[in-house]
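*Asks:* just coords:
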């Protein structure tokens, strides 16, 4: 029998900011908050966000070099920022800087030459 639960807020009983969810096969659990993306952006090759979550703006630092500021800071610099580029022969050079308030990524072509690219970044980690 299917059921429906409608709530505005979920709070853990023993730890307010931690909710365990039973995974596939009912044999393991995962932490709900740890599994959610804390920031994401879909942006043009000029770092202009078309859509985003927890991103207050983008900066074009030069050819293929972009920074994105987050609206709510991350808890530390130990987060995963996963960028992708949308141009042929684009490879990700990686982010040059991770701060609690921003992250920076850069792109190059297959020869290592900096290249502008429409881009997207998803961030997983802890919020402050």
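*Replies:* On my side now, so go ahead. Keep in mind that this is a model prediction, so the values were computed, not measured.

*Asks:* just checking, residue 104 touches residue 61?
*Replies:* Yes - counting by Cβ atoms under 8 Å, residue 61 is a contact partner of residue 104 at 7.2 Å. For every residue, glycine as well, the C-beta is placed using N, CA and C.

*Asks:* who's more crowded, those two?
*Replies:* residue 104 (19 against 14; other Cβ atoms under 10 Å).

*Asks:* hmm, back to that, if I look at residue 104 and residue 61, which residues touch both of them?
*Replies:* Residues within reach of residue 104 and of residue 61 at once, by Cβ atoms under 8 Å, 6 or more residues apart in numbering, are residue 67.

*Asks:* which residues of this protein fall in helices?
*Replies:* Applying DSSP state H to the chain gives helices spanning 32-35.

*Asks:* Please name the bridge partners of the closest residue in space to residue 65 that isn't next to it in sequence.
*Replies:* Leaving aside its chain neighbours, residue 65 sits nearest to residue 106 (4.6 Å; criterion: Cβ to Cβ, 6 or more residues apart in numbering). On the basis of DSSP bridges, residue 106 is bridged to residue 65, residue 94.

*Asks:* So what's the residue count around residue 106?
*Replies:* Neighbour count for residue 106, taken as other Cβ under 10 Å: 22.

*Asks:* now do residue 1
*Replies:* 2.

*Asks:* State the distance from it to residue 26.
*Replies:* The gap separating residue 1 from residue 26 is 18 Å, by Cβ to Cβ, to the nearest Å.

*Asks:* Could you do residue 84 as well?
*Replies:* In this view, residue 84 and residue 26 are 33 Å apart by Cβ to Cβ.

*Asks:* So these two - more neighbours on which side?
*Replies:* The neighbour count for residue 84 versus residue 26, taken as other Cβ under 10 Å, is higher for residue 84 (15 against 7).

*Asks:* Report the contact partners of the nearest residue to the more buried one once chain neighbours are set aside.
*Replies:* Spatial nearest neighbour of residue 84, chain neighbours left out: residue 120 (5.1 Å); criterion: Cβ to Cβ, 6+ apart. Contact analysis of residue 120 by Cβ under 8 Å, 6+ apart lists 40, 41, 42, 43, 83, 84, 86.
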